[in-house]
Every structure is written in structure tokens, then in C-alpha cells.
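Novice: My questions concern the predicted model and sequence given below.
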Amino acid sequence: MAEWIEGRLERVLWSSQESGWAVTVVRTTDGMPTTVVGPLADLAGVGDDGVFLTLQGEWVKHPTHGHQFKAEGYLEGSPQTLRGLELYLASSAIPGIGKSTAKRIVAQFGEDTFAAMSDPEQLQQLRGIGKAKADAIAHAWDEASANRGLGVLLQSAGLSVRWANRLAEQFGERAEQIVRSEPYSLSEKVRGIGFLTADRIARAVGVPEDAPQRVQAALVYCLGRKVDEGHCLVQLSELVGALQRLQVPTDGLQEAVDHLVAEGRVVQDEYEGAPHLTTVALDRAEHLVASSLLYRADSHEGLKASLDVVQAAERYVGLELDETQRQAVLGALQSGASVITGGPGTGKTTLVKVLIRSALEMGENWLLASPTGRAARRLSEATGQPASTLHRLLEFQPGGFRFGRDATNPLDCDGLVVDEASMVDVRLMASVLAALPVDRPCRLVLVGDADQLPSVGPGQVLRDIIRSGHIPVHALTRIHRQAAQSGIVMGAREVHEGRMPSSGQQTGHDDFFLIPRPDGRASQQTLVKVVTERLVAKGFDPRTDVQVLAPMRKGVLGTKELNEALQRALNGQGVAIKGRSGFREGDRVICTRNRYDFEVFNGDVGRVIRDGKDGLQVRFDDRDVDWPHEELDQLELAYALTIHKSQGSEYPAVVMVMDRSHHMMLRRNLLYTGLTRAKRFFCLIGDPQAWQQAVGRKGGDDRRTRLASMIRSFASETAEDDLEQVADPG
């Protein structure tokens, strides 16, 4: 039978934002500190603020930790007993009310305490409370209670009452009115509230299930989910199924689409003979990328560069290119837009070094950039020239997806090389192109491996540009002598060709190993041993040199469990961050969202330096960032990463797991991308049948985009215009 207890939250011992579970200590009305467990994770940011809780659940006996209260749910600031009222008043932060005064108020007014707190005349009945103090207490109480109605409303929708304060801060006095009259607008205006939460609120305030605004909000939500998967547009018929799974009526679907189009919130277009929807931002981005690339490719024809310049650059840097590389450098100098692509060992970095030197020989100023800080540092070290992240190069402006460099304030350069271009999504590529000068020739050279996984953000820009057939592409295929001695390079080549590579035990390579294990638990145990023992014996530091990769987050071989196992093995003695999502000082962590205000982006890895009063100090590359406690859900342990999150990075040693439990993710470019992250050592652990499945499964992650077809279409229109001008020059 369910029971309830009341008390003041003292601390959060542990919490998980993923599961919503937390372990807390609550000092109950009998004065005893009590361990309370349950779905309380959103209290993790409260800390020691003394929030008063009413919890419903049952008493249980844990085999290790003894008696504890297992909560099913809670309310904030809703005392049910007189003793609870005392504790609530004492912890309410109302000036002039301490433990003694709270006890006297409750003794005087009992169950009418809440009403008395708003009445200065009643408060003056108590000894020691004069008119000025009574007025101050009543005023403070009324201010603190202003959101109580909103809090009760949100609680009925399953939200914490603390959301009332957040909404009041954002919307002021209109907060409750907006919640009641425009609940679905919250999903677009309030961070942390998505469609599903807004839908619960709408149910609580009585919005009909077939209301037009519900269908519109659901459409925007489903479209956004597809964009999160990397698509730039979605077939309308797919959205019908998505709405039905949400139990949203589809009778008024076209009316909802027409309304959203009229409001400028979505774009409807015919693509491949069927109606599709896309966002306004993605529609503009794809058009801008297609038109800008063609403009650069067409208007910069005939750029001057000679083979002598390239050969002089080779002599200066002490490198000799093969003929394919040399022609790629020359083509990049002579084209307004071009692509250089190739796998590991084909000499992309060597080529870029000669390209930049050739530009200097010609007296030109070229810039170098990559999507991530780690890739930019690697590019700078390899070329001897400064390189930056694209966001820093474009002078990102916090507060939205805006940059200081654009068409009105273009970059001052004669050329730009973008390395790891497979990672660049369509919106970022649009921003890059918008920032290039148009009043003088300026080359854009995209360098990357088109066989890797596509970008985390929407689109598959590098792949689409190559597929379009209208932008010059220089494909490097020859593996050079030094690289040919690497088991990693040879293994990547075999995977790319659809062949299962052999382990170093058979080939004699000491940098490429396959370790078969019969099941997930055995694979996990072997992985921890390889990281903490075998690689240490080879001279690798497991804290800084080794990165574990996995296809998925969940399961015994998912990044969540692997991170917990590796944290115990590598940092079990690190100082625990009390009540802060299980982190320890010294932990390796990854950012899971773009934090433009911190110049930290989705996929950036840092290390926890120390805990502070207001947040953790986390070191990203050479910068220390103060990360607020209430936003720690945007950080995760990074001893193990998904292969997708590792894109653009390179590690001295990579240990990767691949098992049949990952069957939904097993495909060739996933294995290829993980393998090519390794610089000096690679080890694959798991089930050989899963490896074979991955090698044999090509594709499976193509995204629905229009960029390739747009480039071809725009090129065709340009050609037709040129023909018309030739036929009728007047």
C-alpha cells in the first residue's frame, strides 16, 4: 500500500538524467535523515537549497543499504501535516521566518497557515511580529506564491513545480495564460519542453485531441525528428505514419501543412514525384550551397596556376607528390570550388601541405579550417600553418546560429581549405559559402573521405557534391609506401573493398588486431584488460592515448556500460562529484550539444578538473570552461564513445567492440570510420559474425537530401541560359 512522507531535501547522492532515477537524502518531519530513491533526477540541480518535498511510495529494505523509501513521485512545497508546515515555512527563504517563528505561526493558525501568511493583520497577532515585519512577510510570501497555480497545473501534467518558476522568468505575468491558451508554443519557445511534454500540458488544460494546433505541433515535431536523423526533407506520407504513432488524427493534415507553410514555418515541395516537407532553414541552406558552388566553379574558370609553382612548392617542403596528387593540387589552384577525397594512406595531408605552399609561392593568402578543434590542431601540425575550427573562423555569435562573417563581412582570403569535410552539415556549409568573398577570385577546397559516416547534422554534403558530377573531384587511390606498412591502413582498404581483414597475428602487423569473443560480457572484460594492461605494456597511457568506440549506447557493449566499467578501472579513486550525475574529478567527458556560448560543440571531449560552487571546471583542449551544475545533462562520460561521435578525431590507439547485439547498426562505413580513427594501434573485439555482417553491408544510412539534384538542376538551367545568349546575344 502506498504511503507518503514529508521533509526537506538535504542532498542528491547520485542521479541519472537518462533513466530519471536518483538517490537522495531527505530529512523527514521526525528529524531523521532518510534515504529516498526513485524518479527524482530533476532534483539534481537543487543541491542543498532545502526544497520541501511530499513523496509518495513505499518503504523497502535494500540488501546492502538497509531501509529506504522508494518513491513513485513527489510534489514540491505541498505539506500535508502541521509538522510539515513548520519545516516548509522554515525552509521557504521568507525573510523573518526561522525555525522558531515557523513553529509559532503553525501553532497559532494550524491548517489555516497558508491564508494567514498573506494577511499582515493576522500575522501581527503573534508576539514579536510588528506591522513592518508582517507587511514584509506577507509581501514576500505573495511573491513566492504567485506561481502556485501554475505549479499545480504543471504538476497535473507530470512536470516538476520548478518549471513554474522557469516559465515565470521567461514569460513574466503571462506565463499561466500562455500555458493555458498556447501550450504547444512551449515546445518551440522553451528549452527542455518538447512536443510530448507540451502535449501532456495541453491535455491537462483541455485542448481537444483533434485541435488544429495539436496537428501542426505534431507535424513540426515529427519533421524535427527526421532532421535529427540527418534528413533534409521528409516525404509527407512518412509523416502520416509518424502522426498515427503519436495518436494524432490525420484528417486535417493538409490543412495543417497549408497553415504552417502560410506562416513560413515549413516548406512543401515536390521531390521525386511526391510531396515533401522541409524546414525553412534547410531549404535555404541547400539552395545556397548548390547555387554558390556552381557560381564559384563557373565564374572562377581560367584561374592561373602553373605546374612549375606546384613543383617548386614540393621542393620547398621536401616532399614529392605522385602525378595524381600533383594534378589535384593544380586543379585546386585553378578551380573556384573543388573536392579532394581519399582514404587513409593516400596522402591527403601531404597534398594540402604542398597546396598551401603553392599558394604562398603565388603570393596568395589561404585559410585552413576543420569542423572540430582536434581536427584543426592536427591540420595545423601537419601543414605548419595556423588552422581553426569553422565556427571560430566564421566568428560565431552566441544566441543563435549566426556568424560575424557573412556576405556583408566576408573573409579576407584568396582560398579556403576545409579538412574533414564529410563532417560538415548543410547549414554550416551554407554559412561557409556565404562568408567567402565575391569581389575577387577565392577558391574553396573540400578535403575529406567520402566513405566515412556522414555529418552529425542534417545532410551528406561531401557525398552529394561528389554525386552531382558538376564540381571538380580529385580522388586519391594510391596508398604510399610508408602507409602500406601499416596494418591499420591495409585493414581500412580491405574493409572499404568489402573484404574482412586479417589480424596482425596472421599478417605480421603489430598495430592491427582482431580478438574474437563469444558474448558481450566476455568482450567487455577483454576490452577493459586490453585498455588497462596490454596497451599500457605497449607504452600507451589509457587516460590520454586510448579511445574505446562502440556502435551503440545501450547494452553490455554499449557506451553507457563501457563507460561505467572504464571509469571504475581508470578513475575509481577520483574525487566523486556529490550528487552530480556520477562524474568524478579527472573523468573524460563529452559535450552532447552545441554550446556556442562556451565555444564547445557536440562531440568535443574534455576532462573534469574540479568541482566548484556553481559548476564543474572542464578542460577542453587548452581552455577551461565553467560548466553549470544544472546543465550537466549535456555532458557524458567519454572513456567510450559511439563511432558517430568520434568523427573528425584521431587517437593514438582505438579499441572497438562490435557484436551481433549491434545488428541494427552494423554496416561497412561504420566499421571503416571507427577503424580509420586509429593512428598507431587498432583492436577490434567481439563476435566475428558481426564483423562479417558489417563488412558485407554497404550503405543503409543514405539520407534524403536534394543537394545533388539541385546542383545538377541549377547547372542545367545555367547551360540553357548560356545557349539562349549564344543564339540571341541581343
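Specialist: Looks like it arrived, so ask away. Numbering: from 1, shown residues only.

Novice: quick one, helices of the stretch 201-350 of the chain?
Specialist: Remark: helices assigned in the stretch 201-350 of the chain by DSSP state H, counting those that start in this stretch are 212-228, 236-245, 253-262, 280-299, 307-317, 323-334, 348-361.

Novice: Tally up the residues packed near Ala138, please.
Specialist: 19 (other C-beta atoms under 10 Å). No exception for glycine: its C-beta is placed from N, CA and C like everyone else's.

Novice: my bad, should have said Ala550
Specialist: Here the number of neighbours of Ala550 (other C-beta under 10 Å) works out to 30.

Novice: on that earlier part again, can you say which of the helices of the stretch 201-350 of the chain is packed in most?
Specialist: Ranked by mean neighbour count, the helices of the stretch 201-350 of the chain are led by helix 348-361 with a mean of 22 (mean count of other C-beta atoms under 10 Å).

Novice: circling back: which stretch among the helices of the stretch 201-350 of the chain comes nearest Gln485?
Specialist: With C-beta to C-beta, the closest approach to Gln485 among those belongs to helix 348-361: 16.1 Å.

Novice: and that closest one, what other elements does it pack with?
Specialist: Secondary-structure packing of helix 348-361 (3 or more C-beta pairs under 8 Å, 6 or more residues apart in numbering; DSSP states H and E): helix 307-317, helix 323-334, strand 337-342, strand 366-370, helix 373-383, strand 415-418, strand 443-448.

Novice: Of all those, which one is nearest Ala640?
Specialist: Of these, nearest to Ala640 by C-beta to C-beta is helix 373-383, at 17.1 Å.

Novice: And that closest one, what's buried?
Specialist: Gly373, Arg374, Ala375, Ala376, Arg377, Arg378, Leu379, Ala382, Thr383 (16 or more other C-beta atoms under 10 Å).

Novice: Closest one of those to Tyr672?
Specialist: Closest to Tyr672, out of all of the buried residues of helix 373-383 and judged by C-beta to C-beta, is Ala375, at 17.4 Å.

Novice: which ones are touching the closest one?
Specialist: If a contact means C-beta atoms under 8 Å, 6 or more residues apart in numbering, then Ala375 has Asp419, Glu420, Met423, Gly648, Ser649, Glu650 as its contacts.

Novice: Who are the contact partners of Ala382?
Specialist: If a contact means C-beta under 8 Å, 6+ apart, then Ala382 has Thr349, Val352, Lys353 as its contacts.

Novice: Please determine how far it is located from Lys353.
Specialist: 6 Å (C-beta to C-beta, to the nearest Å).

Novice: what's the answer for Ala694, then?
Specialist: Counting by C-beta to C-beta, the gap from Ala694 to Lys353 is 33 Å.

Novice: How about His644?
Specialist: The gap separating His644 from Lys353 is 29 Å, by C-beta to C-beta.

Novice: can you count the residues close to Leu635?
Specialist: Counted with other C-beta under 10 Å, Leu635 comes out at 24.

Novice: contacting residues around it?
Specialist: So Leu635 contacts Ser581, Phe583, Val589, Ile590, Cys591, Thr592, Leu616, Val618, Trp627 (C-beta under 8 Å, 6+ apart).

Novice: List just the nearest of the residues you listed to Ala297.
Specialist: Nearest member of the contacts of Leu635 to Ala297, counting by C-beta to C-beta, is Cys591, at 35.7 Å.

Novice: tell me the contacts of the closest one?
Specialist: Applying C-beta under 8 Å, 6+ apart, the residues contacting Cys591 are Val600, Phe601, Asn602, Gly603, Asp604, Val605, Gly606, Phe620, Gln634, Leu635.

Novice: in the stretch 51-200 of the chain, which spans are helices?
Specialist: 82-90, 99-109, 113-117, 120-123, 131-145, 148-156, 162-171, 175-181, 186-189, 195-204.

Novice: could you dump those to CSV with distance to Pro542?
Specialist: Shown next, in CSV, are the helices of the stretch 51-200 of the chain (distance: least, C-beta to C-beta, whole Å):
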stretch, distance to Pro542
helix 82-90, 48
helix 99-109, 51
helix 113-117, 57
helix 120-123, 63
helix 131-145, 51
helix 148-156, 46
helix 162-171, 40
helix 175-181, 50
helix 186-189, 43
helix 195-204, 40
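
Novice: Most tightly packed of those helices?
Specialist: Of these, the one with the most neighbours on average (mean count of other C-beta under 10 Å) is helix 82-90, at a mean of 22.

Novice: Now do stretch 107-125, average pLDDT.
Specialist: Stretch 107-125 carries an average pLDDT of 85.

Novice: Go ahead and name everything in contact with it.
Specialist: Stretch 107-125 is contacted from outside by 82, 85, 89, 105-106, 126, 129-131, 133-135, 137-138, 141-142, 145, using C-beta under 8 Å, 6+ apart.

Novice: Give me the distance from it to the chain's centre.
Specialist: When C-alpha coordinates are averaged (C-alpha atoms, centre = their mean, to the nearest Å), stretch 107-125 and its chain have centres 50 Å apart.

Novice: Would you mark the buried spots in stretch 13-26?
Specialist: Buried residues in stretch 13-26, counted by 16+ other C-beta under 10 Å: Trp14, Ser15, Gln17, Ala22, Val23, Thr24, Val25, Val26.

Novice: now the end-to-end length of it.
Specialist: 11 Å (C-alpha to C-alpha, to the nearest Å).

Novice: Name the residues that touch that stretch?
Specialist: 5, 7-12, 33-44, 53, 55, 69, 560, 578-582, 632-633.

Novice: got it, and stretch 519-532?
Specialist: 515, 517, 542, 546, 548, 555-557, 561-562, 565-566, 569-570, 655, 657, 659, 661, 683, 685-687.

Novice: Now, those that are in helices?
Specialist: Among the contacts of stretch 519-532, the members falling in helices (DSSP state H) are Glu561, Leu562, Ala565, Leu566, Ala569, Leu570.

Novice: count of residues packed around the second one?
Specialist: Residues contacting Leu562 under the criterion other C-beta under 10 Å number 27.

Novice: ok, it touching Leu641?
Specialist: No: Leu562 is beyond contact range of Leu641, at 9.4 Å (criterion: C-beta atoms under 8 Å).

Novice: What residues does the residue nearest to Ala274 when sequence neighbours are not counted make contact with?
Specialist: Once flanking residues are discounted, Ala274 sits nearest to Gln235: 5.4 Å by C-beta to C-beta, 6 or more residues apart in numbering. By C-beta under 8 Å, 6+ apart, the residues touching Gln235 are Tyr271, Ala274, Pro275, His276, Arg704.

Novice: So for the last one, what's the pLDDT?
Specialist: Read it as Arg704. Listed pLDDT for Arg704 reads 93.

Novice: do the same with Arg481
Specialist: In this model, Arg481 carries a pLDDT of 53.

Novice: Strands along the stretch 551-700 of the chain, start to end?
Specialist: 588-591, 605-611, 615-620, 623-628, 635-637, 640-642, 651-658, 678-686 (DSSP state E, counting those that start in this stretch).
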